[in-house]
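Trainee: Model the following, please.
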Amino acid sequence: MTITDIAQLLSSIEEKTAAANLDNIRRTMAYQAFYERNPEIKWAFLASMVSRNAGWNMTDLHLDMFQDLLSARIRKQLFSLYERANWLIFSDAYPQLLLYESHKKGQIDMIAHLHHFRVSAFMEETWKQFIKEGDMQQLLYCLIVNEQHVIGSPVIVQPFYKKHVFSRWPYQLQDFFRLNTVFFPTMDGELYGLYAHHFTSVDERIQMGKKLSQLLFDDQLYPAFVQFAKRVPYTGSRDDYERYGRFRTIGSCPLRACYPVITHKDIIRTDWYRYGGIKRSWLTPEKKKRHRPTGTAFYWKRRLMKIAALIKKKSKAIN
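Mentor: Below is the predicted model of the structure:
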């Protein structure tokens, strides 16, 4: 390729990333479509399924029980947290994925152009090793480590979110009772998942990502998860999966009926790897375990939340 051709390709990747990162719906389906074209990049499927859960959490904030429990300001801040974190991860990861795809087609040497997208030195070395050795599991873990660091400074330790989200009782209550669950549904109505806990800890987030990847790519369950992802269009409403099972969330709406498109301001990103390095444990494989459906426990907690919301609503009415 000529210098002009390379410049046009890099510009095209920037445009495709911006267009697909417009909202949670587009980025979720972009991950899914990429994985279907490039199934060796397992992280893309994990990202698509976790992104679905982010959207379900966003639209939950419009449910009556959350409106009764939380003020409009707090709900707006929680939505901003979900949206900002997922936007940042996509803006960092998707150009890498598209560069790899172009590299695989013989259009470009991706390693020589990762710096154009401000990719960490850690991922430059990771991609070099993957292209040479083809270790899919190692690449999966490295992408988990990288993206959890990408959201560190701009979100997790950012003063606004630290003050208005992580130090407030809604987040602390949700964290204490483990009310935030990442689900992987099946078309048989089963829900498999893990409770998100200690989101402010990079170690916990990485551990969670590794455990979720183990669940998602479990030999027995993976075919059912892929079937669901391919057959069920993603809308952001929990009805996406609830219509196949026994659980119901009254009032769950599609994401685009709840939120407008949010414009993000990018920032000058420092390379996290140059200031901290990694722990060996982050790349250590998880021990295999037997996974069981988790939907019943989650919806039982939801019923308790609904009761609490009704009590709070009646108390307000009396006062």
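
Trainee: In the stretch 51-200 of the chain, where is pLDDT below threshold?
Mentor: 154-179, 198 (pLDDT under 70).

Trainee: any chance you could map the strands in it?
Mentor: With strands called from DSSP state E, counting those that start in this stretch, the stretch 51-200 of the chain shows them at 181-185, 191-195.

Trainee: So which of these is the most surrounded?
Mentor: Mean neighbour count (mean count of other C-beta atoms under 10 Å) peaks for strand 181-185 among the strands of the stretch 51-200 of the chain, with a mean of 23. Just so you know, the C-beta spots here come from the backbone N, C-alpha and C atoms, and that holds for glycine as well.

Trainee: CSV please, covering the strands of the stretch 51-200 of the chain and showing distance to residue 109.
Mentor: Putting the strands of the stretch 51-200 of the chain into CSV (distance: least, C-beta to C-beta, whole Å) gives the following:
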stretch, distance to residue 109
strand 181-185, 36
strand 191-195, 38
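
Trainee: Helices along the stretch 101-250 of the chain, start to end?
Mentor: 121-133, 136-150, 159-161, 169-177, 202-216, 222-231, 239-242 (DSSP state H, counting those that start in this stretch).

Trainee: deepest of these, which one?
Mentor: Ranked by mean neighbour count under mean count of other C-beta under 10 Å, the helices of the stretch 101-250 of the chain are led by helix 136-150, which reaches a mean of 21.

Trainee: List of residues touching it?
Mentor: Here helix 136-150 makes contact (C-beta atoms under 8 Å, 6 or more residues apart in numbering) with 40-43, 46-47, 88-89, 92-93, 120, 122-123, 126-127, 129-130, 202, 205-206, 209-210, 213, 269, 272-273, 276, 278, 282-283, 285.

Trainee: and the angle for it with helix 121-133?
Mentor: Interaxial angle, helix 136-150 versus helix 121-133 (axes from the mean of the first three to the mean of the last three C-alpha atoms, to 10 degrees): 170 degrees.

Trainee: How far off centre is helix 136-150?
Mentor: 13 Å (C-alpha atoms, centre = their mean, to the nearest Å).

Trainee: Residue 188 and residue 224 touch, don't they?
Mentor: Yes - at 6.9 Å, residue 188 counts as touching residue 224 under the criterion of C-beta atoms under 8 Å.

Trainee: one step back: can I get the helices of the stretch 101-250 of the chain in CSV with distance to residue 54?
Mentor: Output for those, formatted as CSV (distance: least, C-beta to C-beta, whole Å):
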stretch, distance to residue 54
helix 121-133, 22
helix 136-150, 13
helix 159-161, 15
helix 169-177, 15
helix 202-216, 13
helix 222-231, 15
helix 239-242, 13
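
Trainee: quick one: which of these is nearest residue 303?
Mentor: helix 169-177 (13.0 Å; C-beta to C-beta).

Trainee: buried set for the helix or strand containing residue 6?
Mentor: Following DSSP states H and E, one finds residue 6 within helix 3-20. For helix 3-20, burial by neighbour count (16 or more other C-beta atoms under 10 Å) applies to 6, 9-10, 13, 17, 20.

Trainee: Off-centre distance for stretch 242-255?
Mentor: From the chain centre to the centre of stretch 242-255 is a distance of 20 Å (C-alpha atoms, centre = their mean).

Trainee: Show me what it is in contact with.
Mentor: 23-25, 55, 58-60, 62-64, 185-191, 235-239, 295, 299, 302.

Trainee: Give me the PyMOL select line for the residues you listed, limited to the buried ones.
Mentor: Buried subset of those, written as a PyMOL selection, criterion 16+ other C-beta under 10 Å:
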select buried, resi 23+24+25+55+58+59+60+62+63+185+186+190+191+235+236+237+238+239+295+299+302
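
Trainee: ok, residue 141 to residue 281 distance?
Mentor: The gap separating residue 141 from residue 281 is 11 Å, by C-beta to C-beta, to the nearest Å.

Trainee: Are there residues contacting both of the two? Which ones?
Mentor: By C-beta under 8 Å, 6+ apart, no residue touches both residue 141 and residue 281.

Trainee: Report the mean per-residue pLDDT for stretch 257-270.
Mentor: Stretch 257-270 shows a mean pLDDT of 87.

Trainee: CA atoms only for it, dumped as PDB, please.
Mentor: C-alpha atoms of stretch 257-270 as PDB (Å, rounded to 0.1, in the frame of the first residue of the first chain):
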ATOM      1  CA  ALA A 257     -36.600   5.200  24.000                       C
ATOM      2  CA  CYS A 258     -34.900   6.100  27.300                       C
ATOM      3  CA  TYR A 259     -31.800   8.100  26.300                       C
ATOM      4  CA  PRO A 260     -30.600  10.500  23.600                       C
ATOM      5  CA  VAL A 261     -27.200  10.100  22.000                       C
ATOM      6  CA  ILE A 262     -24.500  11.300  24.400                       C
ATOM      7  CA  THR A 263     -21.500  13.400  23.100                       C
ATOM      8  CA  HIS A 264     -18.200  12.500  24.700                       C
ATOM      9  CA  LYS A 265     -15.100  14.600  25.000                       C
ATOM     10  CA  ASP A 266     -12.000  12.600  24.500                       C
ATOM     11  CA  ILE A 267      -8.900  13.300  26.600                       C
ATOM     12  CA  ILE A 268      -5.200  13.100  26.200                       C
ATOM     13  CA  ARG A 269      -4.500   9.600  27.300                       C
ATOM     14  CA  THR A 270      -1.400   8.500  29.100                       C
END
